[in-house]
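Asks: I would like the atomic coordinates for the input below:
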Amino acid sequence: MSPASTPDRGDIELVVAGLRSLGLVPEVGDHAFDVHGYLAGTDDDRLADLNQAFADPGVRAVIATRGGKGAYRIADRLDVDSLRRHPKLLIGFSEITVLHLALFRTLGLVGLHGAAWASELHGAASAASFERAVFSTDDVTVAARAEESTSALTTSGRASGRLIGGNQDMVAISSGWALPSLDGAILLLEAVNLRLGHIDRQLTMLTNSGALDHIVGVAVGQYTRCGPEVDETIPDGWEAVEVLRDRLERLGVPILGGLPIGHGSNPVAVPLGTTATIDADPGTLVIESAVS
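Replies: Okay, here's the model as predicted:
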């Protein structure tokens, strides 16, 4: 399905072939390749594809072809009654975060933050993580990487709670209508193409709204192509990680950065909405499976 922007047809052919190699039977939505400005078809057509899949008891998972723009335009019209009768896994990240949040808020439905399976597109490690997350009931363990810029944010301590969040832009946009309660949760954050002011404004808004008052920890993934504007000079040399530290440390909870989750190199697929534990000292995030 394409709930947001139009994917490259060749990329999706690779994804379909990869899914078939795993023994799955992929079907492509009627409007998956439509083009309507920056959207994969009209709002009604994109929504119709999603809701048709949600209502089909033979569909076990719904995979978003890509993110982009526009999923937020239909997140308030999802067929939650069909999903209540026939629960299924929603797989996607980036823009798709808003759908994960809306479905967890209304149904407590867990999902998978990650891209559809295709080693040619995302690398063997990413593809393997997708396969494990979809087919195994074992916990998913993600180790922080020192080479990720956000590893500098790691503090100390341990915390457990439901892992909720994903793309920072979508978490912020969801506030007040699609964002579920974060009380007792571990907040997952990653981003792409955000400038320093965007990161600052969004995290400040979430903090001032009270949405982050009772989180128990923060898991920080990849902040890809995030930083100052090309022609912007920051006197103190601030980059994205400095803004994140300034906004997140004041929350007073354990922070685990450096997680390979998001839009960067070799990102891994992780469950959303299940219970997770961050342990900042060894640098691990352990998440209960989203499948049973």
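Asks: report how many residues lie close to the spatially closest residue to Asp279 that is not a sequence neighbour.
Replies: Of all residues not flanking Asp279 in the chain, Arg158 sits nearest, at 4.7 Å (Cβ to Cβ, 6 or more residues apart in numbering). Where you see a C-beta, it was placed from the backbone N, CA and C, and this is true even at glycine. If you count neighbours by other Cβ atoms under 10 Å, Arg158 ends up with 15.
Asks: residues contacting Val140?
Replies: Ser129, Arg132, Ala133, Val270, Pro271, Val286, Ile287, Glu288, Ser289 (Cβ atoms under 8 Å, 6 or more residues apart in numbering).
Asks: which of these sit farthest apart?
Replies: Pairwise distances among the contacts of Val140 were taken by Cβ to Cβ; the largest, 15.3 Å, belongs to Ser129 and Glu288.
Asks: which non-adjacent residue is nearest Arg105?
Replies: Closest to Arg105 by Cβ to Cβ, 6+ apart is Pro180, at 3.8 Å.
Asks: pretty sure the one you found sits against Leu107.
Replies: No: Pro180 is beyond contact range of Leu107, at 10.1 Å (criterion: Cβ atoms under 8 Å).
Asks: which one's more surrounded, the two?
Replies: For Pro180 and Leu107, the more surrounded residue by other Cβ under 10 Å is Pro180, and the numbers stand at 20 against 15.
Asks: the stretch 1-150 of the chain: strands as residue ranges?
Replies: Under the criterion DSSP state E, counting those that start in this stretch, the stretch 1-150 of the chain contains strands at 61-63, 89-91, 111-113, 140-143.
Asks: just these: most buried one?
Replies: Stretch with highest mean neighbour count among those: strand 111-113 (a mean of 29; mean count of other Cβ atoms under 10 Å).
Asks: which neighbouring elements make contact with that strand?
Replies: Contacts defined by 3 or more Cβ pairs under 8 Å, 6 or more residues apart in numbering; DSSP states H and E place strand 111-113 against strand 89-91, helix 97-107, helix 124-135, strand 270-272.
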